[in-house]
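Engineer: Show me the folded form of this:
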Amino acid sequence: MTMDMIDRDGFQRVGTVINQIVADVAPSGASFHEPGIYFGLSDDLYHADPALGSTGLKRLLSSAPDFWWQSPMNPAREPETETPAKIFGKAVHRCVLEGRAAFEAEYAPTDYSGVTKEGKTERAAIAAAGKKPLKREDFNRILAAAAFIKANPNLAGAFENGMPEVSIFWERDGVRLKARLDFLKMNAITDLKSIRNPLGKEFKKACRDRIAELDYTLSAEQYMEGRRQMARLVAEDRVFGDHDPSWLKQVAANSVYAFVLVFWQAEGAPISHGFKLSPGNPLFTYARQSIAQAIHIYQTFMKQFGPDTAWVLAEPLDELDETDLPVWWQQKQMKG
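Structural biologist: Sure thing, here's the model as predicted:
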């Protein structure tokens, strides 16, 4: 039997089966934001909006079905959980981006385990004060990280004279896009990243490797594109939330700015280092190409399946060739 004669109807029906599973689950109720600049928008509301952000764009490049399954379009998507890593990350952003006073107004340290009597009493008092608990070591480490960044003369002003967590929504070729800027400044967008270095690499090399592994250059271009939308959005009076209109107009009018990545080490000494992508950096060109490809993939699958139908690959079976297998397997066969 040749490959052309194989009946693939069973594979095609996989999409129908998944759709039935999805249809049996209650809708998640995604939140949509009109094009504009949003100040003070919560993390939850930003991430609940199905507009394409940098994470979604990267996922599209990797696997369109995985993108749909993990997107707000899928009512069967598992709800986001507050993991210790996410809680820690939000606390770091609050301290570094908004200052120690804002951090201590929201978080308080704990000295006892939450399963002990002392721990339960301690956490009850923290909750009564309207705060969130953090382990003492995490609380102190976050304060140390902020202090180390401030002490670095090249980074001391990275999170000053600007606005934290600015969200931007816009459209391109009928596709809704979004970006959430960690810190918006007159001449820069500053992004804070924590990094663990279990292999003990030289710190700057570990940071560069992380930039490549997680494709932070694509994120940088997405944020830069969001900022490029600001002049039009300000002119159209599409600005929401508490802000300084005069300052925002100046920022939107400034067409020359850099993207700055600030890394700090989450284990060991809380050392920090920054990288910048200046205007014209060729890395932006590569990132734009990747974003265009991701949007094309999105449009293709949206046209074929729409938002309410599971995105399923319907590709013909591949004849497996020995050259498709790892080199070590090929060498094993040669050695017998």
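Engineer: Wasn't G157 part of a helix?
Structural biologist: No: under DSSP: H, G, I helix; E, B strand; the rest coil, G157 sits outside any helix and is assigned coil.
Engineer: and T285, helix, strand or coil?
Structural biologist: helix.
Engineer: Pull the contacting residues for I291.
Structural biologist: L57, L218, E221, Q222, E225 (CB atoms under 8 Å, 6 or more residues apart in numbering). The way it works is simple: take the backbone N, C-alpha and C, and place the C-beta from them, glycine included.
Engineer: A strand includes it, no?
Structural biologist: No: under three-state DSSP, I291 sits outside any strand and is assigned helix.
Engineer: ok, it to A188 distance?
Structural biologist: Look at I291 and A188: by CB to CB, to the nearest Å, they are 21 Å apart.
Engineer: And K86, by the same measure?
Structural biologist: Separation of K86 from A188 (CB to CB): 26 Å.
Engineer: What pLDDT is listed against the residue positioned nearest the centre of the chain?
Structural biologist: What sits nearest the mean C-alpha location of the chain, by CA atoms, centre = their mean, is T55, with 4.9 Å. T55 carries a pLDDT score of 95 in this model.
Engineer: Next: P79.
Structural biologist: 77.
Engineer: tell me the SS of it?
Structural biologist: P79 - assigned by three-state DSSP - is coil.
Engineer: Sketch out the low-pLDDT regions of the chain for me.
Structural biologist: For the chain, applying pLDDT under 70 flags the ranges 1-30, 336.
Engineer: Strands of that one, start to end?
Structural biologist: 36-39, 107-110, 132-135, 162-172, 175-185, 188-195, 239-240, 258-265, 272-277 (DSSP state E).
Engineer: residue ranges of the helices in the stretch 1-150 of the chain, please?
Structural biologist: 9-12, 14-23, 43-48, 54-62, 64-69, 84-98, 100-106, 117-128, 136-151 (DSSP state H, counting those that start in this stretch).
Engineer: need these in JSON lines with distance to D324, can you?
Structural biologist: As requested, the helices of the stretch 1-150 of the chain are exported to JSON lines (distance: least, CB to CB, whole Å):
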{"stretch": "helix 9-12", "distance to D324": "20"}
{"stretch": "helix 14-23", "distance to D324": "23"}
{"stretch": "helix 43-48", "distance to D324": "37"}
{"stretch": "helix 54-62", "distance to D324": "19"}
{"stretch": "helix 64-69", "distance to D324": "21"}
{"stretch": "helix 84-98", "distance to D324": "36"}
{"stretch": "helix 100-106", "distance to D324": "51"}
{"stretch": "helix 117-128", "distance to D324": "54"}
{"stretch": "helix 136-151", "distance to D324": "45"}
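Engineer: my guess is K150 contacts E160, does it?
Structural biologist: No: K150 lies out of contact with E160 (CB atoms under 8 Å); the separation is 9.1 Å.
Engineer: higher neighbour count, the two?
Structural biologist: K150 (17 against 11; other CB atoms under 10 Å).
Engineer: Leaving out chain neighbours, which residue sits closest to the more buried one?
Structural biologist: Nearest non-adjacent residue to K150, counting by CB to CB, 6 or more residues apart in numbering: A156, 5.5 Å away.
Engineer: Just give the nearest non-adjacent residue to K131, would you?
Structural biologist: Nearest non-adjacent residue to K131 (CB to CB, 6+ apart): A108, at 4.5 Å.
Engineer: Tell me, how many residues neighbour the one you found?
Structural biologist: The burial count for A108: 19, using other CB under 10 Å.
Engineer: Repeat that for R100.
Structural biologist: Number of residues near R100 (other CB under 10 Å) recorded here: 15.
Engineer: now do the one 10 residues further on
Structural biologist: Neighbour count for T110, taken as other CB under 10 Å: 20.
Engineer: Wait, it touches A124, no?
Structural biologist: No: counting by CB under 8 Å, A124 is not a contact partner of T110; they are 11.2 Å apart.
Engineer: Assess the claim that the residue nearest to K150 and A147 are in contact.
Structural biologist: No: using CB under 8 Å as the test, A156 is too far from A147 to be in contact (10.9 Å).
Engineer: out of the two, which sits in the more crowded spot?
Structural biologist: Remark: of A156 and A147, A147 carries more neighbours, 14 against 11, as counted by other CB under 10 Å.
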